[in-house]
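[1] here is my input, please return the structure:
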Amino acid sequence: NWGLTPMYSNNTEDYYNANPVANSNPNIQRNTGYKQYDFFQKAVYQLPNNEQLLFNFQLSTSSNIDRFDKLSETRDGQLRFAEWYYGPQNRLLVATTYNFFKDKRWMKKGRITLAYQRIGESRNKRKFNSLVRATQQEQVNLVSLNADFDATTSNRVNISYGFEATYNHVYSRGFNSALQLSGNTVVGLDYPQAMPSRYPSKGSELRSVAFYTNWVWNLSPKLTVNAGGRLNFSALNAQWKPIALIDNLLSEVKLNSEALTWTLAGVFKPIPGLQWNLILSSGFKAPNIDDI
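    This next block holds a predicted model:
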C-alpha cells in the first residue's frame with residue numbers, strides 16, 4: 001500500500017476546509033500538478049571587423065507548486081498540513097555578450113558577458129486545525145561579469161585566460177498571517193506577524209572575483225600537457241533584524257575566503273586506438289549564504 005493517498009487536502013490559497021477529503025481513487029496522487037510559463041529571446045547584432053553583440057532575454061514564472069510529500073505527511077494517523085506550497089517561482093535573465101576576433105598573438109579572440117538575474121520564490125504552509133499561514137519569501141538579485149580570452153603563441157601552445165566577478169544580494173522575510181474567512185472562502189489575511197526568515201532577515205550579500213589561466217602544450221603527436229590555475233576571492237556579509245531571530249546571539253556574519261586552485265593533466269597516445277589520461281587537481285568550497 002506504499003504510495004497510496006486515501007486522504008488529501010483540497011485547501012487552496014482562496015479555499016478553506018477544516019478537514020481532509022477522502023480520495024475517490026487512492027491510486028491518484030493529488031496536489032502534484034502545476035503550470036509553468038517560459039519566454040525567451042536571443043538576438044545577434046553583427047558589428048564591423050568580425051565582431052558581434054549577442055542579446056539574451058529569459059523570463060520564467062509558474063503557478064503555486066504544492067509540496068506533495070508534505071501534504072501527504074501524517075501524525076497519529078491524521079494529515080498534518082492543510083497547505084504546503086511554493087509560491088510562483090519567478091526568474092528574469094538579461095544578458096549581453098560581446099564577441100570579438102583580433103587575431104593577435106595574445107588576443108586571438110575574446111568574449112565578455114554582462115548579465116543580470118532576479119529570482120523570486122516563497123514557501124507557504126498551514127496545519128490542519130489552524131488558521132495561521134506561515135510564509136517565507138525570498139528574492140535574489142545577481143549581477144555578473146565574465147571575460148574569456150584565447151591566445152596562440154605558437155602552433156603547439158594554446159593559452160586561455162580570463163576573469164569573473166559576481167554580486168549576489170538576498171532579501172528574505174518571514175511572517176505569520178491568520179486567514180479571514182467567509183464560510184469556506186478566504187477573503188483576506190490579518191496583519192502579518194514577524195517570524196524567523198529562511199535567510200538573514202536584514203539582507204545578505206555575496207561577492208566574488210576570480211582570475212584564471214590555462215595552458216595547453218602539444219609536445220608531440222603522441223603527448224599533450226595541460227596546466228591551469230585559478231585565483232579566487234569571495235566575501236560574504238549577512239545581518240539579522242533584532243526581531244524573530246533564529247539565535248539571540250547571532251546578529252551578523254562576515255566571511256572572507258581566498259583560494260588558489262590548479263590543474264595538471266597529460267594525454268599520451270602511444271599507439272593508434274590507445275590513450276592514457278592523467279589528471280591532478282585541487283579544489284575548494286567557499287560557503288555561500290545557504291551554507292551558513
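
[2] helices of the stretch 1-150 of the chain, start to end?
    Secondary structure of the stretch 1-150 of the chain (DSSP state H, counting those that start in this stretch): helices at 68-71.

[3] so Tyr199 versus Gln239, what's the distance?
    Computed as Cβ to Cβ, to the nearest Å, the Tyr199 to Gln239 distance reads 11 Å. Glycine gets a C-beta too; all of them are placed from N, C-alpha and C.

[4] so between the two, which is more surrounded?
    Ranked by neighbour count (other Cβ atoms under 10 Å), Tyr199 and Gln239 place Tyr199 first, with 19 against 15.

[5] state whether that one is indeed within a helix.
    No. Under DSSP: H, G, I helix; E, B strand; the rest coil, Tyr199 sits outside any helix and is assigned coil.

[6] for it, what are its contacts?
    Glu138, Val170, Ser172, Ala238, Ile289, Asp290 (Cβ atoms under 8 Å, 6 or more residues apart in numbering).

[7] so the fourth one touches Ser172, yeah?
    Meaning Ala238. No. Between Ala238 and Ser172 there is no contact, the gap being 9.7 Å when judged by Cβ atoms under 8 Å.

[8] stretch 283-292: end-to-end distance?
    End-to-end distance for stretch 283-292: 19 Å, by Cα to Cα, to the nearest Å.

[9] which residues are in contact with it?
    So stretch 283-292 is contacted by 168, 170, 199-200, 204, 206, 208, 232, 234, 236, 238, 253, 255, 257, 259, 261 (Cβ under 8 Å, 6+ apart).

[10] narrow these to those in strands?
    Among the contacts of stretch 283-292, the members found in strands (DSSP state E) are 168, 170, 204, 206, 208, 232, 234, 236, 238, 253, 255, 257, 259, 261.

[11] which among those residues end up buried?
    Asn168, Val170, Ser204, Leu206, Ser208, Asn232, Ser234, Leu236, Ala238, Leu255 (16 or more other Cβ atoms under 10 Å).

[12] the last one: what's it in contact with?
    The contact partners of Leu255, taken as Cβ under 8 Å, 6+ apart, are Ala235, Leu236, Ala286, Pro287, Ile292.

[13] and what of the third one?
    By Cβ under 8 Å, 6+ apart, Ser204 lies in contact with His169, Val170, Ser172, Leu236, Asn237, Ala238, Gln239, Ile289.

[14] same list, these, but as a markdown table with pLDDT and distance to Gly273 please.
    Formatted as a markdown table, the contacts of Ser204 follow (pLDDT from 0 to 100; distance: Cβ to Cβ, whole Å):
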| residue | pLDDT | distance to Gly273 |
| --- | --- | --- |
| His169 | 97 | 53 |
| Val170 | 96 | 52 |
| Ser172 | 95 | 56 |
| Leu236 | 97 | 50 |
| Asn237 | 96 | 55 |
| Ala238 | 95 | 55 |
| Gln239 | 94 | 60 |
| Ile289 | 89 | 49 |
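
[15] closest one of the residues you listed to Tyr212?
    Taking Cβ to Cβ as the measure, Tyr212 lies nearest Leu236 of the contacts of Ser204, at 21.2 Å.

[16] give the contact list for the closest one.
    204-207, 253-256, 286-289, 292.

[17] flag the shaky bits of the stretch 101-250 of the chain, pLDDT-wise.
    Along the stretch 101-250 of the chain, segments meeting pLDDT under 70 are nowhere present.

[18] what ranges does it have for its strands?
    Secondary structure of the stretch 101-250 of the chain (DSSP state E, counting those that start in this stretch): strands located at 109-127, 132-152, 157-182, 185-189, 193-194, 204-218, 223-239.

[19] hey, what's Glu51 bridged with?
    Counting by DSSP bridges, Glu51 forms beta bridges with Leu47.

[20] so what pLDDT did it get?
    pLDDT for Glu51: 91.

[21] looking at it, it is touching Lys102, isn't it?
    No. Using Cβ under 8 Å, Glu51 is not in contact with Lys102; the gap is 9.3 Å.

[22] still on that earlier bit, and for Ala238 and Ser172, which residues touch both?
    Contact criterion Cβ under 8 Å, 6+ apart; residues bridging Ala238 and Ser172 by contacting each: Tyr199, Pro200, Gly203, Ser204.
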